[in-house]
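In: Take this sequence and fold it.
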Amino acid sequence: MTPTYPRTAEAAGPEQASRHVVEVPFEGDGAGIGALNWGQQHILGAIRNLGSPMNMCAIRELDPTASVQDFAEELRFYLNRFQAMRTLLRFSPDAPPVQEVFAAGQALIQIVDVPPGGDAAAVAAELVSEHEELSFDDENELPIRMLLVRRDGVLTHLVTVLNHFATDGAGAFAMYDDYTKRDPATGEVPYPVQNHPLDLTAHQNSPSGRKQSDASLRYWRRELMTLPKRGENGRGEREAVERAGARYRRVSLRSVPMMMGATRIAHRLECDVSAVLLALFSTALVRITGDRLAAAQMLVSNRFRPGMADIVGNVSQTGLFVVDVADATIDEVVERAQRAVTRTYKYAYFDLTEWQELLAEVERERGEPLSLCYYNDRPSQRSGTAPGTEPSVAEVKAAASVETPATWMELPFFNERLMVTIDIVDGVGDAVPLLVYADTWFVAPEEMEGLARLMESLAVEAGCDPGVRTGV
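Out: Residues are numbered from 1 along each chain as shown. A predicted model of the protein is given here:
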């Protein structure tokens, strides 16, 4: 079988634009069939649980001299060099899915012609909206789409779409970085690809891979069994309570006082803001639940592991974060949280099937379901040092005197009971973009906003006074 794009894809898209395709042959090494590695299993499960393709899309504005051949060569480069870009999945009803890497085949570049006088940028934006939700046919369609927008015979934009199963954002940047570093004469990159997804599968099935997984699962068991049961703090397991309005919601605060207070704490402790925000979240969560231990799942990128920094593939898995916030100052919780999150990262690399079996086993032994929330920290400032200038106490208090507005959004679906996201993606900035997502049948809207505002008030109090305690 030769992988390619489905021909039906040619007809999709903005109705005012016409389309045709250019065929791009490719050829690479490392063809074969194998099981999915742990990161692939994780992302495939996430895509299915969310009911969303999670496609990654990017628009590139083009120089007027750009040619179709330029991008045919770029697409061929990605396919030839990266096995993940020429991989299809194979599903069967009685066995786990497997991946097949092809040695050769054909891909298609779509060319979208904008009518005279049309808005090429708007057409490119429409293509992104279309392809963000247009699922890949994992068994028949290669995991990369390239679409060129053309107006009056001149190429204006490139839209690239990646199947999130094939790689994450860091892998996408690694692909493009290799493309920019190729030799201008030979078109070759002066260094080999260190690892491909099938290489990870092989390593994870080796004795050293099994040893790592076993150690991670022992950590998960140990930490989960230390968590208090619902009845031990006077609270029973939460039952679903139907509430008026949308069941799934998000509240967001763009908090200047939280950033200023957290920055003061970071300067005081010589750490980054990320560590402080984790401690504030942990303390606020415990104040709301009544437990002494804060526990949450985190998405951990395993790119810090040897040979995985630049892999084109998915290497993120779920980590378990547990920290005791009782009988401590906020400053002490920051230090505890930093030690705890190191363990979280160390043990977020494991056999997914065995992990799922472990969770079920722990629930049976505890006699109750596990209901861990999710903490999703996406700041780029993880340098280990405090950012910028340290604000004064007066500046923190002045910022706190103005109430931070809360913005609500209704969601069509959300697959967790509670998730807190710190959405700093373009540097540190002057405010903390804090997003709280929840299934309001389990976490009431007032609790969602209360958690966010408690994190903010703790940041202000502890930023101004190093002796502020958790109150737990």
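
In: Spatially nearest residue to residue 365, not counting backbone neighbours?
Out: residue 225 (7.4 Å; CB to CB, 6 or more residues apart in numbering). Using the backbone N, CA and C atoms, a C-beta is placed for each residue, glycine as well.

In: swap in residue 61?
Out: That would be residue 157: by CB to CB, 6+ apart, it lies 5.9 Å from residue 61.

In: now residue 373
Out: Once flanking residues are discounted, residue 373 sits nearest to residue 418: 4.0 Å by CB to CB, 6+ apart.

In: and that neighbour, what does it touch?
Out: Residues near residue 418 by CB atoms under 8 Å, 6 or more residues apart in numbering: 373, 374, 436, 437, 438, 439, 442, 443, 448.

In: Could you look up the SS state of residue 219?
Out: helix (DSSP: H, G, I helix; E, B strand; the rest coil).

In: right, and it touches residue 342 too?
Out: No: counting by CB atoms under 8 Å, residue 219 does not reach residue 342; the two are 11.8 Å apart.

In: So between the two, which is more surrounded?
Out: residue 219 (19 against 10; other CB atoms under 10 Å).

In: roughly how far apart are that one and residue 304?
Out: 17 Å (CB to CB, to the nearest Å).

In: One more: residue 51?
Out: 31 Å.

In: same thing with residue 417?
Out: Residue 417 sits 29 Å away from residue 304, going by CB to CB.

In: Compare these two (neighbour count), which wins?
Out: residue 417 (18 against 11).

In: where are the low-confidence patches of the stretch 51-200 of the chain?
Out: Applying pLDDT under 70 to the stretch 51-200 of the chain flags no residue at all.

In: So which residues of it form strands?
Out: Here the stretch 51-200 of the chain has its strands, by DSSP state E, counting those that start in this stretch, at 56-61, 87-92, 95-101, 104-114, 144-151, 154-162.

In: Give the pairing partners of the first one; include direction for each.
Out: Meaning strand 56-61. The strands that strand 56-61 pairs with in its sheet are strand 154-162 (antiparallel) (by DSSP bridges).

In: Am I right that residue 214 sits in a strand?
Out: No: with three-state DSSP as the criterion, residue 214 is located in helix rather than a strand.

In: All the strands of the stretch 201-350 of the chain, residue numbers only.
Out: With strands called from DSSP E, counting those that start in this stretch, the stretch 201-350 of the chain shows them at 248-255, 293-301, 316-324.

In: Quick one, which of those strands gets closest to residue 204.
Out: Across those, residue 204 has its closest neighbour in strand 316-324 (11.3 Å, CB to CB).

In: Output the contacting helices and strands for the closest one.
Out: Contact here means 3 or more CB pairs under 8 Å, 6 or more residues apart in numbering; DSSP states H and E; on that basis strand 316-324 packs against helix 38-50, helix 207-226, strand 293-301, helix 330-346.

In: possible to save the ones you listed as JSON lines with distance to residue 243 and mean pLDDT?
Out: Converted to JSON lines, the helices and strands packed on strand 316-324 look like this (distance: least, CB to CB, whole Å; pLDDT from 0 to 100):
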{"stretch": "helix 38-50", "distance to residue 243": "22", "mean pLDDT": "94"}
{"stretch": "helix 207-226", "distance to residue 243": "30", "mean pLDDT": "98"}
{"stretch": "strand 293-301", "distance to residue 243": "24", "mean pLDDT": "96"}
{"stretch": "helix 330-346", "distance to residue 243": "32", "mean pLDDT": "97"}
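
In: Please identify the deepest-packed of the ones you listed.
Out: strand 293-301 (a mean of 21; mean count of other CB atoms under 10 Å).

In: That one relative to helix 207-226, how many degrees between them?
Out: On the basis of axes from the mean of the first three to the mean of the last three CA atoms, to 10 degrees, strand 293-301 is oriented at 150 degrees to helix 207-226.
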